[in-house]
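Asks: coords below, sequence missing:
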């Protein structure tokens, strides 16, 4: 059965709602869920103070309303599914290790920060630091997938180590900065300073991009591993051109300020273009 | 029992427990798929002399392969999982990675896994790149035409080796014709390969030899030229040629299915007198596949 949580109040200050997760709400009755504590600003409140609750959670939670001020939904979740019919707030799915979160609208900053497994799909735009590491943290995304159908802010995939971030729109500046490994695929425009200080990992762009001078050009070629990624995205219902699967990419290596084992692949289609 | 005037001998094929792997090889074009497959399955007719048995299960369309390119499914068998791991490292490393444009993927779920790409990656000399996608780990090994992409590990499963048929014909053309048709009928059956040249073997063997250093020697009981002098013969007076089809499969059902198709196709072909099977009296193999049981079903 699906647990429905309908936000019935307009929030002016953020609600810390890491408790909204299938792991934590599974098996509770409606009245028990209503008594689950959360933090509103600097005050202790209960879920029932903000939400109309119906149903019980057997692995799936549906959130209805504007959750822009609701933070940390699905943080640390290990399984199950959360559907947000609206926008989500900051720290969505941070440190999650399994399960799936789907957002019909936009998502805030730090979406999927330091997650290690599972999948987050954002139908709209996402904020800064998608799949990134928290300040002072060592690693961002360590596994799992984040798919953003719109644009993202700055520092997507900051310090990520494994996992996949797909941005169908544009990404901001410093995409993949400090990357250890993993894969970022951007279908729109890249901001500036892509891959700054990356050690390993792959950043793929379907558009031309100006790269830092610490990246060196290697060749035009057809990376076979990318066919697997793009075909998988296509299987998930994402529109991928045949040319992007069959075509060629210009390979740039960097960042030579670091290990120089990272790469930026820029889609070309043909050697001269 | 007779089928279309061909005698089906009341005997059994004695098959053995083996381990099997399914390897998917893809390439830029069918030409290079075939080149890689030919190289990888070459000199893999018998575990006795080749340490493994391998063959092409079937060709794959781009829609059936992980990277959407033309491909082929290859089955490789050895006596244990460890042996398969060693053979895969050797053969993928020397025959597939060396072939232009190829990539190589695990093609099945199995009971055990053996590390293959995880061994071959060292060829990359530190420039190799690991990728994880959907629970699988791949290695991108830089080579002179770009990159060789290979699965980190391959799954292996218990399998059946040594299913077989003996086709006894009046002469070489008739036996060869029946064998070729049987191979054609078996070709494409899922889960089996015929490891010998184009599926047919003429040098059937018996265990042991008068020479102490040999584990196996010619199966004199089925050599027409020895009918008059061999201590025991299974060659009738009117037979001038015996050819064998050896079948390895990922499970017993697949081997039985292939043998059944082979018998039904070869029986009744011009000049085919008898269809039999090789066994060692039932004392060596784990599977006894009765010919009559197969065709009765």
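Replies: Everything's here; your move. Every value quoted in this text rests on a predicted model; they were computed, and no experiment measured them.
Asks: Tell me where the chain has helices.
Replies: No chain specified, so I'll use chain A. Taking DSSP state H as the test, the helices found in chain A are A:22-25, A:30-34, A:224-235, A:242-246.
Asks: I was thinking of chain B, sorry if that wasn't clear
Replies: So, for chain B - with DSSP H - the helices run B:30-41, B:47-50, B:81-91, B:117-120, B:172-186, B:252-266, B:291-296.
Asks: Those: which one's closest to chain A?
Replies: Evaluated over the helices of chain B, closeness to chain A peaks at helix B:117-120, with 11.7 Å, by Cβ to the nearest Cβ. In short, each C-beta sits where N, CA and C put it, glycine included.
Asks: Chain B contacts on the stretch 1-150 of chain A?
Replies: For the stretch 1-150 of chain A, the residues in contact with chain B (Cβ under 8 Å from any Cβ of the partner chain) are residue A:143.
Asks: Residue of the stretch 1-150 of chain A closest to chain B, please.
Replies: Closest point on the stretch 1-150 of chain A to chain B, by Cβ to the nearest Cβ, is residue A:143, at 7.4 Å.
Asks: Surely that residue touches residue A:115?
Replies: Yes. Judged on Cβ atoms under 8 Å, residue A:143 makes contact with residue A:115 at a distance of 7.4 Å.
Asks: neighbour count winner among those two?
Replies: Each of residue A:143 and residue A:115 has its neighbours counted (other Cβ atoms under 10 Å in any protein chain shown); residue A:115 has more, 31 against 18.
Asks: Name all residues that make contact with the residue most central in space within chain A.
Replies: Nearest to the mean C-alpha position of chain A, counting by Cα atoms, centre = their mean, stands residue A:146 at 3.6 Å. With contacts defined as Cβ atoms under 8 Å, 6 or more residues apart in numbering or on different chains, the neighbours of residue A:146 are A:111-112, A:115, A:119-120, A:122, A:130-131, A:163-166.
Asks: from those, which two are the most distant?
Replies: Within the contacts of residue A:146, A:122 and A:163 form the most distant pair, 15.1 Å apart (Cβ to Cβ).
Asks: For these two, indicate the residue with more neighbours.
Replies: Using other Cβ under 10 Å as the criterion, residue A:122 and residue A:163 rank with residue A:122 on top: 29 against 26.
Asks: ok, the more buried one touching residue A:149?
Replies: Yes. Here residue A:122 reaches residue A:149: they are 6.4 Å apart, a contact under Cβ under 8 Å.
Asks: re earlier: write a ChimeraX command that selects only the buried members of the contacts of residue A:146.
Replies: Only the buried entries of those go into this ChimeraX selection, using 16 or more other Cβ atoms under 10 Å in any protein chain shown:
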select /A:111,112,115,119,120,122,130,131,163,164,165,166
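Asks: tell me which residues form a beta bridge with the nearest residue to residue B:46 once chain neighbours are set aside?
Replies: With sequence-adjacent residues excluded and distances taken as Cβ to Cβ, 6 or more residues apart in numbering or on different chains, residue B:46 is closest to residue B:53, at 6.2 Å. Taking DSSP bridges as the rule, residue B:53 bridges to residue B:77.
Asks: Isn't residue B:53 up against residue B:41?
Replies: No. Look at residue B:53 against residue B:41 with Cβ under 8 Å: they stay out of range, at 9.1 Å.
Asks: what sits in contact with each of these two?
Replies: Shared contacts of residue B:53 and residue B:41, counting by Cβ under 8 Å, 6+ apart, come down to B:76, B:195.
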